[in-house]
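In: test case, fold it:
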Amino acid sequence: MERDSGLPAPLSKRLAKDLRALHAKKGRLSAGQFLVETPKAVQSFLESGWEPVTVVGTPDWWATVPTQPSWGPRTAAFVATGSGMAEASALETPSSVMAVFTLPQEPKNLGDLPRGIHLVLDGVRDPGNLGTIVRLADWFGAAGVWISEDSADAFQPKAVQASMGSLARVPVKRLSLEPLLRTWRNAGIQFWATDMEGTPLAQTQAPETLAVVLGNEGRGLSPEVRALCTAVVTIPRVSPGAESLNVANAAGIVLYELRRTV
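Out: So this is what the prediction gives:
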């Protein structure tokens, strides 16, 4: 069923300014909201049960929306021209739709870790790497991604875009890693550090619940975090010329290798 010719209210300059404010961390934290763009990414959030606070689309996009959309009546809907979308968009080429969602709440019970493989990111500061890691976690069925306070913000536009909608399905929590790892250690949960030296991943057997810690793109793991890990594993290097692996590439290899053993 297609939407009739009636369109939502036009996007105002004030609302476009409010949407632009969500490009910055300060604006996201102040509003408690984040921005998602492109039809595929927005649809991923809707299909995963996220209710949008605001939806803005071009007339052509609204023409594809059923008269009874999948979101609830509390969602504010607006129509915008291409230039109006550009005013609010974080993309170089604006999408035909953008949606605003509420930021997820911080975790309360740190010791209650769901079964499965978790990724812990220590100082991963590139938003493209972070978004790609979330996408990989989704692909390999990881139970969650935990990021340090000095990592990139998973809900900034570049990270949201790089996740290609996977952020809608993978729980991502941002918090101080040292208290988290101490809590897990006291609960008997294993968490492995990844480093240049360690037990080759192919020689390991992953427990039912496991957290794998990946470090900063340049310096690797911080000494404080590495000291708390219960084991150290590595992806063996074959060629002596390569200095290191990109952290997102490493995450993909780790997830693939661990999935072969469970």
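In: which of the helices or strands spans the closest residue to A211 other than its chain neighbours?
Out: Spatially, and ignoring its direct neighbours in sequence, A211 is nearest to F191 (3.8 Å; Cβ to Cβ, 6 or more residues apart in numbering). Glycine gets a C-beta too; all of them are placed from N, C-alpha and C. Using DSSP states H and E, F191 sits within strand 190-200.
In: now that strand: mean pLDDT?
Out: What strand 190-200 shows for mean pLDDT is 93.
In: likewise for stretch 42-58?
Out: The model assigns stretch 42-58 a mean pLDDT of 96.
In: counting contacts, what elements does the strand holding F191 pack onto?
Out: helix 177-186, strand 209-214, helix 223-228, strand 231-234 (3 or more Cβ pairs under 8 Å, 6 or more residues apart in numbering; DSSP states H and E).
In: one more pass at 6 Å, please.
Out: With contacts taken as 3 or more Cβ pairs under 6 Å, 6 or more residues apart in numbering; DSSP states H and E, strand 190-200 sits against strand 209-214, strand 231-234.
In: could these go into a markdown table alongside mean neighbour count, distance to P69 and mean pLDDT?
Out: Formatted as a markdown table, the helices and strands packed on strand 190-200 follow (neighbours: other Cβ atoms under 10 Å; distance: least, Cβ to Cβ, whole Å; pLDDT from 0 to 100):
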| stretch | mean neighbour count | distance to P69 | mean pLDDT |
| --- | --- | --- | --- |
| strand 209-214 | 23 | 38 | 95 |
| strand 231-234 | 17 | 46 | 95 |
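In: any chance of those strands in a markdown table, with distance to I133 too?
Out: Formatted as a markdown table, the helices and strands packed on strand 190-200 follow (distance: least, Cβ to Cβ, whole Å):
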| stretch | distance to I133 |
| --- | --- |
| strand 209-214 | 8 |
| strand 231-234 | 17 |
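In: out of those strands, flag the one nearest N249.
Out: Smallest distance to N249 across the helices and strands packed on strand 190-200 (Cβ to Cβ): 10.5 Å, for strand 209-214.
In: contacts made by that closest one with the rest, please.
Out: Here strand 209-214 makes contact (Cβ atoms under 6 Å, 6 or more residues apart in numbering) with 113, 115, 117-122, 190-194, 229, 247, 251, 254.
In: in ChimeraX, how would I select the buried members of those residues?
Out: Of these, the buried ones go into a single ChimeraX selection, burial set by 16 or more other Cβ atoms under 10 Å:
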select :113,117,118,119,120,121,122,190,191,192,193,194,229,247,251,254
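In: related to what we said a few turns ago, of the helices and strands packed on strand 190-200, which is nearest L35?
Out: Across the helices and strands packed on strand 190-200, closest to L35 is strand 209-214 (Cβ to Cβ), at 26.5 Å.
In: mind saving the C-alpha coords of the closest one as PDB?
Out: Presented in PDB, the C-alpha positions along strand 209-214 are these (Å, rounded to 0.1, in the frame of the first residue of the first chain):
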ATOM      1  CA  THR A 209      31.600 -17.000  26.800                       C
ATOM      2  CA  LEU A 210      34.700 -15.100  25.800                       C
ATOM      3  CA  ALA A 211      35.800 -11.500  25.400                       C
ATOM      4  CA  VAL A 212      38.600 -10.600  23.000                       C
ATOM      5  CA  VAL A 213      40.400  -7.300  23.600                       C
ATOM      6  CA  LEU A 214      41.800  -5.400  20.600                       C
END
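In: surely L228 and L181 touch.
Out: Yes - between L228 and L181 there is a contact at 4.3 Å, judged by Cβ atoms under 6 Å.
In: the strand holding F191 - which strands sit beside it in the sheet, and in what orientation?
Out: Strand 190-200 sits in its sheet next to strand 209-214 (parallel), strand 231-234 (parallel), going by DSSP bridges.
In: send the alpha carbons of stretch 50-60 over as PDB?
Out: The C-alpha coordinates for stretch 50-60 follow below in PDB (Å, rounded to 0.1, in the frame of the first residue of the first chain):
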ATOM      1  CA  TRP A  50      14.100   0.900  17.200                       C
ATOM      2  CA  GLU A  51      11.400   3.600  17.300                       C
ATOM      3  CA  PRO A  52      12.500   6.800  15.600                       C
ATOM      4  CA  VAL A  53      12.100  10.200  17.300                       C
ATOM      5  CA  THR A  54      12.200  12.000  14.000                       C
ATOM      6  CA  VAL A  55      12.100  10.900  10.300                       C
ATOM      7  CA  VAL A  56      12.900  13.300   7.500                       C
ATOM      8  CA  GLY A  57      12.700  12.300   3.800                       C
ATOM      9  CA  THR A  58      12.500  13.700   0.300                       C
ATOM     10  CA  PRO A  59       9.100  13.700  -1.500                       C
ATOM     11  CA  ASP A  60      10.300  10.800  -3.600                       C
END
